[in-house]
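>>> turn this into a model:
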Amino acid sequence: MPAVSKGDGMRGLAVFISDIRNCKSKEAEIKRINKELANIRSKFKGDKALDGYSKKKYVCKLLFIFLLGHDIDFGHMEAVNLLSSNKYTEKQIGYLFISVLVNSNSELIRLINNAIKNDLSSRNPTFMCLALHCIANVGSREMAEAFASEIPRILVAGDTMDSVKQSAALCLLRLYKTSPDLVLMGEWTSRVVHLLNDQHMGVVTAAISLITCLSQKNPDEFKTCVSLAVSRLSRIVSSASTDLQDYTYYFVPAPWLSCKLLRLLQCYPPPEDGAVKGRLVECLETILNKAQEPPKSKKVQHSNAKNAILFEAISLIIHYDSEPNLLVRACNQLGQFLQHRETNLRYLALESMCTLASSEFSHEAVKTHIETVINALKTERDVSVRQRAADLLYAMCDRSNAKQIVAEMLSYLETADYSIREEMVLKVAILAEKYAVDYSWYVDTILNLIRIAGDYVSEEVWYRVIQIVINRDDVQGYAAKTVFEALQAPACHENMVKVGGYILGEFGNLIAGDPRSSPLVQFNLLHSKFHLCSVPTRALLLSAYIKFINLFPETKATIQEVLRCDSQIRNSDVELQQRAVEYLKLSSIASTDVLATVLEEMPPFPERESSILAKLKKKKGPGAISVTELEDSKREGGELNGGSDRGPDTAAMSASNASTPSPSADLLGIRSAAPINAAPAGAGSLLVDVFSEAGPAAPSTAVNDDGFLRFVCKNNGVLFENQLLQIGIKSEYRQNLGRMYLFYGNKTSVQFASFTTNVSCPGELQLNLNVQTKQVEPLVEGGAQIQQVLNIECLTDFSDAPLLNIKFRYGGALQNLTLKLPVTINKFFQPTEMASHDFFQRWKQLSQPQQEAQKIFKANHSMDTEVLKAKLLGLGTALLDNVDPNPENFVCAGVIQTKSQQVGCLLRLEPNAQAQMYRLTLRCSKDSVSQRLCELLAQQF
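Coordinates of the predicted model:
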């Protein structure tokens, strides 16, 4: 870079900055800035032509004023004029001003493009780098259209200097990320790949970032990079720290380049060429060997660089999953990190070992560290490390250590952080069932689970306990005895009361011979909990009472007295009142035989494997499941169908002689079809008959968007439902990335054949949104539910939505359904907290007419304040309190994160309760986003 001469110090700029810093108040600062702006404006408009130095100085002042947060509406042309200067410092300031202040819609963009073209063709490396940096910083589609074909030529040209090649590679990467359709490598592909052989390490480092991005989208076109990457990695790994002096960081040769090479190799399967594969294995072994060597420096930078390469190498070993020796060595190396004093290393080691546990080659090696992991679960101060330790215990669990791991998890639950208790409960429930050999142990475990963490035990867990107890005669007596003892505790969780009421109502007769658990003692024990329970639990207990009359006739008078009291037959809750009246009448008029028939013991449920266990079996390791998949499954049943379930209602279910404890909300996806002679659910039952043999729906080709708008302000729920199929959805978003889980539930008892799904982005949406999916199983059994995962990347703002097409055969007839997936631009909001002053200052800055969208409309729903707040929070923005002068108004702020840019958004909602009207105003830094958000939100209130 040319040296800056003494005259380029710009004393006037230094004096101005000093004046600003010496201002005692905001008003004094604004006054000084306004004075300077007036002076600059007069200089620009004056008759006397300014020289390059003066233009540069004044443009610098404008740039500084802009960085202080003030609007600049002039000086752009002077900055463009600086681009034609032959002085480096003047050209640099011109490009800097344009990169910061000129937007892609500016009228000056053509002049700027011409100046950039001149610099790119000048062959002056300094000017070429400045031009490339400007293209990358602006990164607009207009820039891509103008230069996307020119930059690859500069990149691969033999006479291009190394510094220019570096800038060209990174500039092309930026344009490819913003406008991939315009960056077509074509003939340049092989020459770009061969940059991996370049003599200059800086060029290789820049080029590999570009090649990795291109390989992820077009792996076949760039597969030749594998052998070159292995060759370059081998040279780095085998070199001494003195061989690459300019690129050695604290005795570690080229750590950034090594990490990037290892990451590039993770885009491809293991090399097929034996020589290349052998060389790569040798590199990985060398990296593992170097990790065992004593450190060459005590500085943290040395260990960080060394460990960064090691963890990337372990990720590649796990990705290949084909070298047993390397997998075991990687596991042993990670095991050493489990007791390292550095918290971040312990976290990364636990996280990597979770993945290693899924490999058949390294699962046993992972299990050898069980005591260390248990100790981490108990003693770690950082909750995130404890959570990873719990994930690893879950992943390494198999039949040989299940009881130990479940016991440790239960022990930890008593003191576990509230944020991870729900996930821990699910893990314990799944492991207890998956590895239960002795079902009395399973019952003890789940009841203990309810006792320790009752608030975090979802209904699906105790539904499943009841199903297993009903299906296994050998455990029914033990379950009744255990739950009876558990109910005697003074503080008993409501979920325990539900389990106790259900099991004693069915099998209380098995322990009635003991005077300590006589029928009357059982009833009094249950009824002592009655007044402490919620309405659904009281309803279940009333059903247990009527069962008692059938099991124990001697309790009939006592129970009838309870049913007859005013608190039951005159209860304000219509469900409890109806049950009390009907059960009282049933016990009074029905003969013993009729009562025994109506209140017959629940029939066994057909045994079916759960959806979560089926997912686990697909993994290579006995207990392997990724943390993400585990979190996906936490609410798999309840969230999708819980709206209409009420759990196992004994009397209603027995009366129909066939049902399950809430078949539509089963923790492990075990759903049993009702016998063909089953009667329909009574009017008092809220259970949905999801197994009825309904006729096939007419094939549909039109796009169904009925459920689309319901998900603008929420992420979970039922997207579509008819008599055959239910589609549930659960999604989560972070910055510009999202993950959506689709749950397809077969509501019939007949198999769906040739079940296929296809997600498409119509029109220009494929340039704005990148959606990746995995295919689903072609067969969906009757009553079963399958899951599909969608990974979503927001490249730039969009207004349309992806389409989901589902086809399957039901009873020989082809069913065809197309739905709009609820992926809207607001899903990529990051909430932004702002003070009142900052909000209105930013509000004024977004004052251009095209940046604002406003709509006045009539309220579609009740104008409830709490509901409005919930919807605005569900939108993804931050709801700002005490900002608007009118306390009735709502104001929100957020930033939409896309891959190419960030779009700031401010929202103001003004409700008029008397007129039942709203005024919604949105101001965004991009006009298309303002309009789209306004359209979406106007339909939510």
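
>>> for the residue positioned nearest the centre of the chain, helix, strand, or coil?
Most central in the chain under C-alpha atoms, centre = their mean is residue 732, positioned 3.8 Å from the mean C-alpha point. Classification of residue 732 by DSSP: H, G, I helix; E, B strand; the rest coil places it in strand.

>>> my read: residue 501 touches residue 542, true?
No: Residue 501 is beyond contact range of residue 542, at 9.2 Å (criterion: C-beta atoms under 8 Å). C-beta here means a position set from N, CA and C on the backbone, and glycine is covered the same way.

>>> identify the contacts common to the two.
Residues touching both residue 501 and residue 542 (C-beta atoms under 8 Å, 6 or more residues apart in numbering): none.

>>> can you tell me who the residue nearest to the centre of the chain pairs with across the strands?
Beta-bridge pairing of residue 732 under DSSP bridges involves residue 739.

>>> repeat that for residue 727.
With DSSP bridges as the criterion, residue 727 is bridged to residue 720, residue 744.

>>> show me the contacts for it.
For residue 727, the contact set (C-beta under 8 Å, 6+ apart) comprises 718-721, 742-745, 806, 819.

>>> rewinding a little: ok, now how distant is the residue nearest to the centre of the chain from residue 789?
Taking C-beta to C-beta, to the nearest Å as the measure, residue 732 falls 11 Å from residue 789.

>>> likewise for residue 346?
Between residue 346 and residue 789 the computed distance is 29 Å (C-beta to C-beta).

>>> just the residues contacting stretch 102-112, thanks.
With contact meaning C-beta under 8 Å, 6+ apart, stretch 102-112 is reached by 76-77, 79-80, 83, 98, 134, 138, 140-143.

>>> flag every buried residue along that stretch.
For stretch 102-112, burial by neighbour count (16 or more other C-beta atoms under 10 Å) applies to 102, 106, 109, 111-112.

>>> could you provide those in a markdown table, with additional columns for distance to residue 183?
As requested, those are exported to a markdown table (distance: C-beta to C-beta, whole Å):
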| residue | distance to residue 183 |
| --- | --- |
| 102 | 22 |
| 106 | 23 |
| 109 | 19 |
| 111 | 24 |
| 112 | 20 |
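
>>> low-confidence ranges, this protein, go.
By pLDDT under 70, the low-scoring segments of the chain are 1-9, 104-106, 241-243, 605-701.

>>> packing partners of whichever strand or helix holds residue 560?
Taking DSSP states H and E as the definition, residue 560 sits inside helix 556-564. Here helix 556-564 touches helix 519-527, helix 535-551, helix 574-589, going by 3 or more C-beta pairs under 8 Å, 6 or more residues apart in numbering; DSSP states H and E.

>>> can I get the second one as PDB, trimmed to CA atoms?
Listed in PDB are the C-alpha atoms of helix 535-551, where the atom choice follows Å, rounded to 0.1, in the frame of the first residue of the first chain:
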ATOM      1  CA  VAL A 535     -61.000 -30.200  36.800                       C
ATOM      2  CA  PRO A 536     -59.600 -32.800  34.400                       C
ATOM      3  CA  THR A 537     -58.100 -34.800  37.300                       C
ATOM      4  CA  ARG A 538     -61.300 -34.600  39.300                       C
ATOM      5  CA  ALA A 539     -63.200 -35.900  36.300                       C
ATOM      6  CA  LEU A 540     -60.700 -38.900  36.100                       C
ATOM      7  CA  LEU A 541     -61.200 -39.500  39.900                       C
ATOM      8  CA  LEU A 542     -65.000 -39.600  39.500                       C
ATOM      9  CA  SER A 543     -64.500 -42.200  36.800                       C
ATOM     10  CA  ALA A 544     -62.300 -44.200  39.300                       C
ATOM     11  CA  TYR A 545     -65.000 -44.000  41.900                       C
ATOM     12  CA  ILE A 546     -67.600 -45.500  39.700                       C
ATOM     13  CA  LYS A 547     -65.100 -48.300  38.900                       C
ATOM     14  CA  PHE A 548     -64.700 -48.800  42.700                       C
ATOM     15  CA  ILE A 549     -68.500 -49.500  43.000                       C
ATOM     16  CA  ASN A 550     -68.100 -52.300  40.400                       C
ATOM     17  CA  LEU A 551     -64.900 -53.700  42.000                       C
END
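
>>> ok, residue 702 - contacts?
Contacts of residue 702 by C-beta under 8 Å, 6+ apart are residue 818.

>>> how much space between it and residue 310?
Distance of residue 702 to residue 310, given as C-beta to C-beta: 55 Å.

>>> mind listing what the residue nearest to the centre of the chain touches?
If a contact means C-beta under 8 Å, 6+ apart, then residue 732 has 715, 738-739 as its contacts.

>>> over to residue 736?
Contact partners of residue 736, counting by C-beta under 8 Å, 6+ apart, are 793-795, 828, 897-899.

>>> reformat those as CSV; add neighbour count and secondary structure.
As requested, those are arranged in CSV below (neighbours: other C-beta atoms under 10 Å; DSSP: H, G, I helix; E, B strand; the rest coil):
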residue, neighbour count, secondary structure
793, 15, strand
794, 23, strand
795, 19, coil
828, 27, helix
897, 17, strand
898, 22, coil
899, 17, coil
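
>>> quick one: which of these is nearest residue 148?
For the contacts of residue 736, the closest approach to residue 148 (C-beta to C-beta) belongs to residue 795, at 15.7 Å.

>>> skipping adjacent residues, who's closest to that closest one in space?
Excluding its sequence neighbours, the residue lying closest to residue 795 (C-beta to C-beta, 6 or more residues apart in numbering) is residue 899, at 4.7 Å.

>>> go ahead and confirm that neighbour touches residue 796.
Yes: between residue 899 and residue 796 a contact is recorded at 7.0 Å, counting by C-beta under 8 Å.

>>> count of residues packed around the closest residue to residue 577 other than its chain neighbours?
Distance criterion C-beta to C-beta, 6+ apart; nearest residue to residue 577, sequence neighbours excluded, is residue 571 at 4.4 Å. Neighbour count of residue 571, defined by other C-beta atoms under 10 Å: 18.
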